[in-house]
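>>> with the input below, show me the fold.
(chains A and B)
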Amino acid sequence: MTDGGMTLEINALSAGYDKNSPVVVEMNLVVPRNKVVVLAGPNGCGKSTIIKVIARQLKPLSGNATLAGKDIYSMNADEFAKTVAYVPQSIDFSNQLTVEELVRLGRNPHQRWWSWSESAADREATHNALSKAGLEHLAQRPFANLSGGEQKRALIATALAQEPTFILMDEPIAHLDFKHQLGLLSLISELKERSIGVLLVLHDLNMIDRVADEIAFLKPEPGTPSVLFAKGAREDVLTPENIAQIFDVKVEVFPDRSKQGRHFTIESI
Amino acid sequence: MLLRIGLLLAVAFVSLMLNLCIGDISVEPAAALTAIFKPEDMPDTSAFQLEIIRQIRLPRVLIAMVVGTALSVAGYLLQSLSRNHLADPYLTGVSSGAGVVVAIAVASNCSYELVPLIAFSGGLVAAVIVGGLARSSRGLSVTRLLLGGVGLSTICSGIITLVVTLGGDPVRAQSIYFWLAGGISGRTWTEFWPASGYSTAGLLAAFVLSKQIRLLSVGSEQAKGLGVNVDYVQWGILFIAVLLTGTAVSVSGIVGFVGLVAPHIARNIFGRDERVHIFASAVTGMILVMLSDLLARTLVEGQELPLSTLLSLVGGPFFLFLISRQKSESL
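Residues are numbered from 1 along each chain as shown, chains lettered A, B, ... in the order given. Down below sits the predicted model:
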């Protein structure tokens, strides 16, 4: 895809696992190619559900998600996987593939479905993905033997090997130690500079503040589906007032000297 | 790896030769090879040997190879589909489903060339029923798959008894029972050609799908994200597994555990690369069925044991051993 203006859009989307009780309703969101958009909200508000719909893992109850105006469910599986990569929270993995073998599978959408042969571009993309995720030294280790954080990085590397235009990540920093959390945040910023749109689910307010260009906050109402509570540029949306309303906590913001930014501390009300 | 593959092929060749040479009438290996490749060089005094090799033992051992290939590759595919090493055509009821329709076909004197296809349709119905029972939002449940297989096999054996009883022809009833006991005694070139065609097609299709099988091994959610048409691929794998099972059932009746044991041995010796694993499973399955058939016809003098009995005596304990190793509740 070379369309620099391509966007990933969610239009009037209702999503959930049961038609009669949707988790999220009437969601609208736009992810441009060179932006990091963060989906945030309390547990169970439907962040992962939305990500799953956009990743074509779950059909929407109503509304749709489009890529350059085209409904994602009308696209071929490999055409979609060339454009959008998905990093799930975890995977149910039952084999003994090595990290490198797993990352190579990221090239599948660029290859013929039955062919095992790899082009020079495939090899280069795999190599780059392993290196970006800091996994070169673990390349020959079985994925199943890695720690949770290392597995997460291997999944991210697989998504990078797809060379997509958009990456969806569901809680990518869960299980990562501090160093790798920061490494991932700088990788995400780098992706943005390479004109890749990133949509991610994050919980940590300080991490959100570091990485997000735009934020969409979901808020559940007791007994009813979640709705989009606020969305927009980070500085407009990530405010103590919004956070207090959505998460039912008290927030204080301090200047963060090292980053010339902000630091959030949370207390219960 | 090449050395191991070479050894495996050598064992297969030795098994083939043993099957050709050993029996009530022994044949020298050289004579057996001459009978196959240069029959015109056989002395007239060996006409009987020539006949035994070309018309009895060669088709029989080739059918053993076809059955072994078909069942082991079907087992491999069902294990890949369910992502569990305990699945096999016999345990999942696919063999029984194929068995029922073959029993009906035999009872109604159906043309032989069509039997593998008929077996395929019965196996497919069984696979769809058991697959439907085992399907959950988290993928295929192996516990449900195996329990569904047991239930379906019970129903199928009831139907077969009904077909035999109501058929009213004692000779035909006996031939159905004999065939159901599982074995390849008395099989000839007539049965070999269609079965070899179907199983070669199934084997090639398994190779074509090998990369998709690897992609599925990371879980259907992740595979979807990597551009796999998960539903199509799963159905494709199931179709091939059922075609292979149907082929085997149509020539050998219901023979259990080859599909369980052969892929397991192949995995332990040759590792998990899908292409090597499919090939090694096929050859291991061939060896297993060839040697079992050899034992079946030589173990007790003057009497032939059913092939399935021998394989059950080996495969049953092996299955229990695998269960004991998988301690987790979910199997």
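>>> quick one: low-confidence ranges for chain A?
Chain A contains residues with pLDDT under 70 at A:1-4, A:93-95, A:257-260, A:269.
>>> up against chain B, what does it have?
Proximity of chain A to chain B is confined to A:55-57, A:77-78, A:80-82, A:85-86, A:88, A:91-97, A:101-102, A:105-106, A:108-109, A:113-116, A:155, A:158-159, A:162 under the rule Cβ under 8 Å from any Cβ of the partner chain. Glycine gets a C-beta too; all of them are placed from N, C-alpha and C.
>>> can you say which of these are buried?
With burial judged by 16 or more other Cβ atoms under 10 Å in any protein chain shown, the buried subset of those is A:55-57, A:77-78, A:80-82, A:85-86, A:88, A:91, A:93, A:95, A:97, A:101-102, A:105-106, A:108-109, A:113, A:155, A:158-159, A:162.
>>> centre of the chain to stretch B:283-301, how far?
Mean-position distance between stretch B:283-301 and its chain equals 13 Å (Cα atoms, centre = their mean, to the nearest Å).
>>> buried set for that stretch?
Neighbour-count burial for stretch B:283-301, with 16+ other Cβ under 10 Å as criterion, is recorded at B:283-297.
>>> any idea of the mean pLDDT for it?
Mean pLDDT, stretch B:283-301: 92.
>>> who in the stretch 201-331 of chain B is up against chain A?
Within reach of chain A by Cβ under 8 Å from any Cβ, the stretch 201-331 of chain B has these residues: B:208-212, B:214-215, B:217-219, B:221-222, B:224-229, B:272, B:275.
>>> buried among these? Need that as a selection in PyMOL.
In PyMOL, selecting the buried portion of these, with burial taken from 16+ other Cβ under 10 Å, looks like this:
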select buried, chain B and resi 209+210+211+212+214+215+217+218+219+221+222+224+225+226+227+228+229+272
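>>> now, the residues of the stretch 201-331 of chain B next to chain A that are in strands?
Judged by DSSP state E, those include no members of strands.
>>> can you tell me the centre-most residue of chain A?
What sits nearest the mean C-alpha location of chain A, by Cα atoms, centre = their mean, is A:Met169, with 2.0 Å.
>>> an error on my part: the question was meant for chain B.
Centroid-nearest residue in chain B, with Cα atoms, centre = their mean: B:Leu71, separated by 2.2 Å.
>>> wouldn't it be in contact with B:Thr247 here?
No. Using Cβ atoms under 8 Å, B:Leu71 is not in contact with B:Thr247, being 9.1 Å away.
>>> give me phi/psi at the residue of chain A with the smallest separation from chain B?
Nearest residue of chain A to chain B (Cβ to the nearest Cβ) works out as A:Ala81 at 3.1 Å. Per-residue torsions, A:Ala81: phi -70, psi -20 (degrees, to the nearest 10).
>>> do the same with the one 4 residues further on
Dihedral angles phi and psi of A:Ala85 (degrees, to the nearest 10) take the values phi -110, psi 150.
>>> what sits against it?
A:Ala85 makes contacts with A:Gly106, A:Thr158, A:Ala159, A:Leu160, A:Gln162, A:Pro164, A:Phe166, A:Ile167, A:Leu168, B:Gly225, as judged by Cβ atoms under 8 Å, 6 or more residues apart in numbering or on different chains.
>>> need those residues in a markdown table (columns: distance to A:Val36).
A markdown table is the format used below for these (distance: Cβ to Cβ, whole Å):
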| residue | distance to A:Val36 |
| --- | --- |
| A:Gly106 | 21 |
| A:Thr158 | 20 |
| A:Ala159 | 15 |
| A:Leu160 | 15 |
| A:Gln162 | 18 |
| A:Pro164 | 14 |
| A:Phe166 | 11 |
| A:Ile167 | 10 |
| A:Leu168 | 12 |
| B:Gly225 | 20 |
